[in-house]
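> mind looking at a prediction? Sequence and model below.
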Amino acid sequence: MTKQTCSLVVLPGDGIGPEVMAEVRKLMTWLESKAGLSFDVHEDLIGGAAIDAHGVPLTDEAVARCQDADAVLLGAVGGPKWDNVPYDIRPEAGLLKIRKDMDLFANLRPAIVFDALADASTLKPEIVKGLDILIVRELTGGVYFGEPKGISDLPDGQRRGVNTQVYTTSEIHRVGRVAFEMARKRQNRVCSAEKSNVMESGKLWREEITKLHQAEYADVALSHMYADNCAMQLLRNPRQFDVLVTDNLFGDILSDEAAMLTGSLGMLPSASLGLEDAGTGRRKALYEPVHGSAPDIAGQGKANPLATILSFSMCLRYSLDQGLLADEIEWAVQDLLGAGLRTGDIMAEGCTCVSTSEMGDTLIKALDAIRKAA
Ligand code: NAD
């Protein structure tokens, strides 16, 4: 049997980034020996590590490699060491550059509550147990980028701040397509959130999502919701949602709200997707945990690697067409949490506290056990 070769660029970054990424590399080795995959990995620098080596937070050569790869895996960037570097070459500028250069317009943020962690949420376990939402946030348009923007002085001595919320048909359609396609691989339901009651851009958003649905995705159940009501519904009855698609501003807020339903930063993966290549059908894609570089625990073996491992599992599902392997990894995470294994951030009474590498090793054992039982 010929092995599927997957070309990946790995950017571990700073702080706990290299520690959590090392656990993903263990998983890759397991997949190579047990799942018939072969990984062609190029590792490069981003963030503070790239500033130290090259004077910039991400080189053009690194971006070019990312553009050519099947997918990019990122750890995290930043830390106190680089607090005083000039603003335009700060570590986070490397993140903005890669997202912009690869035109990653759709941000995918799953909010999943593993049964064993249902008590970690601030909501009642019976409200969040079994939660599995995917938020698709438009990432490169809307009010964060719209023109005109700026702060100006008025003749009467006041100052005026302006940002512009603006969307075009094609921007709405391309992120809408991602949401509908994701829904088809899940429970086949999309809820679109905007403020069409008070914003013209919201009215356009609702009309264009509806048109796209009728033209190409009539098999998917579509509902619409005002974003403010959506914020309330996420707390009242979060399990009513499957895929939630929304713009950049509302997505920023709603995805953080949904993340908190799950209780822990160390468990949250994300993906950012670009356009499909017309020839290969491959989407540019970047996978990264939601958390930052956690300088307070870096180098101590305390970091939870599961957010990065679950980001890699999204990569298997969405970029490498390996949904079954992604399922296996998610079952293994479920199993090890069920067996009471915890890193410090998710530690609970009666559980066993393990290090970053012990968590990675346990995941491999849990995968072996799943294979054995199959
Ligand atoms: P952070 O996410 O790094 O840490 C917040 C808190 O959560 C800390 O107490 C940390 O120890 C804990 N934490 C985070 N991830 C964890 C994990 N995997 N396991 C266990 N505990 C974890 O956010 P911050 O402290 O605001 O930022 C630290 C640095 O990270 C800053 O330089 C910031 O700019 C940068 N940052 C980077 C990204 C990114 O790379 N995408 C995102 C956010 C922040």
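Received the coordinates, thanks. Remember, it's a predicted structure, so these values are computed and weren't measured experimentally.
> now the spatially most central residue of the chain: phi and psi?
The structure's the chain has its C-alpha centroid closest to residue 270; by Cα atoms, centre = their mean the separation is 1.1 Å. In terms of degrees, to the nearest 10, the main-chain angles of residue 270 are phi -150, psi 160.
> is it bridged to anything, and to what?
With DSSP bridges applied, residue 270 shows beta-bridge pairing to residue 288.
> my read: it touches residue 287, true?
Yes: distance between residue 270 and residue 287: 7.3 Å, which falls inside the contact criterion (Cβ atoms under 8 Å). Where you see a C-beta, it was placed from the backbone N, CA and C, and this is true even at glycine.
> what is the nearest residue to residue 197 once chain neighbours are set aside paired to in the beta sheet?
Residue nearest to residue 197 in three dimensions, not counting chain neighbours: residue 226, with 6.0 Å by Cβ to Cβ, 6 or more residues apart in numbering. With beta bridges defined as DSSP bridges, residue 226 has these partners: residue 194.
> so who does residue 226 touch?
Residue 226 makes contact with 193, 194, 195, 196, 197 under the criterion Cβ atoms under 8 Å, 6 or more residues apart in numbering.
> list buried residues within those residues.
The neighbour-count test (16 or more other Cβ atoms under 10 Å) applied to the contacts of residue 226 identifies 193, 194, 195, 196 as buried.
> helix, strand, or coil at the residue lying farthest from the centre of the chain?
Centroid-distance maximum for the chain: residue 156 at 45.4 Å, with Cα atoms, centre = their mean. In the three-state summary, residue 156 is assigned as coil, counting by DSSP: H, G, I helix; E, B strand; the rest coil.
> quick one: stretch 349-366 near the ligand?
No: no part of stretch 349-366 sits near the ligand under the criterion Cβ under 6 Å from any ligand atom; the closest distance found is 8.0 Å.
> going forward, the N-terminal residue is numbered 85.
Right, with 85 as the first residue, what we last looked at is stretch 433-450.
> and the contacts of that stretch?
Applying Cβ under 8 Å, 6+ apart, the external contacts of stretch 433-450 come out as 100, 103-104, 106-107, 110-111, 114, 385-390, 393, 413, 415-417, 419-420, 423-428, 431.
> mind checking which of the residues you listed are in helices?
With DSSP state H as the criterion, helices contain 103-104, 106-107, 110-111, 114, 390, 393, 413, 415-417, 419-420 from among the contacts of stretch 433-450.
> weed out the non-buried ones from these.
When these are checked against 16+ other Cβ under 10 Å, the ones flagged as buried are 103-104, 106-107, 110-111, 114, 390, 393, 413, 416-417, 419-420.
> show me where pLDDT drops low in the stretch 235-384 of the chain?
Within the stretch 235-384 of the chain, the set of residues satisfying pLDDT under 70 is empty.
> get me the contact residues on it for the ligand.
Remark: the part of the stretch 235-384 of the chain in contact with the ligand comprises 349, 350, 372, 375, 376, 377, 378, 379, 380, 381, using Cβ under 6 Å from any ligand atom.
> could you work out the most separated pair of those?
Set against one another by Cβ to Cβ, those have their most distant pair in 372 and 380, with a gap of 19.5 Å.
> what about these two, which has more around it?
Under the criterion of other Cβ atoms under 10 Å, the comparison of residue 372 against residue 380 puts residue 372 first, with 25 against 10.
> correct me if wrong: that one contacts residue 160.
Yes: under the criterion of Cβ under 8 Å, residue 372 is in contact with residue 160, at a separation of 7.4 Å.
> shared neighbours, those two?
With contacts defined as Cβ under 8 Å, 6+ apart, no residue is adjacent to both residue 372 and residue 160.
> ranges for the helices of the stretch 185-334 of the chain?
Taking DSSP state H, counting those that start in this stretch as the test, the helices found in the stretch 185-334 of the chain are 209-212, 253-268, 284-300, 311-320, 332-346.
> show me what contacts the closest residue in space to residue 151 that isn't next to it in sequence?
Counting by Cβ to Cβ, 6+ apart, residue 186 is the residue found nearest to residue 151 once chain neighbours are left out, at 6.3 Å. Residue 186 sits next to 147, 150, 151, 156, 358, 368, 370 when contact means Cβ under 8 Å, 6+ apart.
> quick one on the thing from earlier: with pLDDT as extra columns, can I get the buried ones among the ones in helices among the contacts of stretch 433-450 in JSON lines?
As requested, those are arranged in JSON lines below (pLDDT from 0 to 100):
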{"residue": "103", "pLDDT": "98"}
{"residue": "104", "pLDDT": "98"}
{"residue": "106", "pLDDT": "98"}
{"residue": "107", "pLDDT": "98"}
{"residue": "110", "pLDDT": "98"}
{"residue": "111", "pLDDT": "98"}
{"residue": "114", "pLDDT": "97"}
{"residue": "390", "pLDDT": "97"}
{"residue": "393", "pLDDT": "98"}
{"residue": "413", "pLDDT": "98"}
{"residue": "416", "pLDDT": "97"}
{"residue": "417", "pLDDT": "97"}
{"residue": "419", "pLDDT": "96"}
{"residue": "420", "pLDDT": "97"}
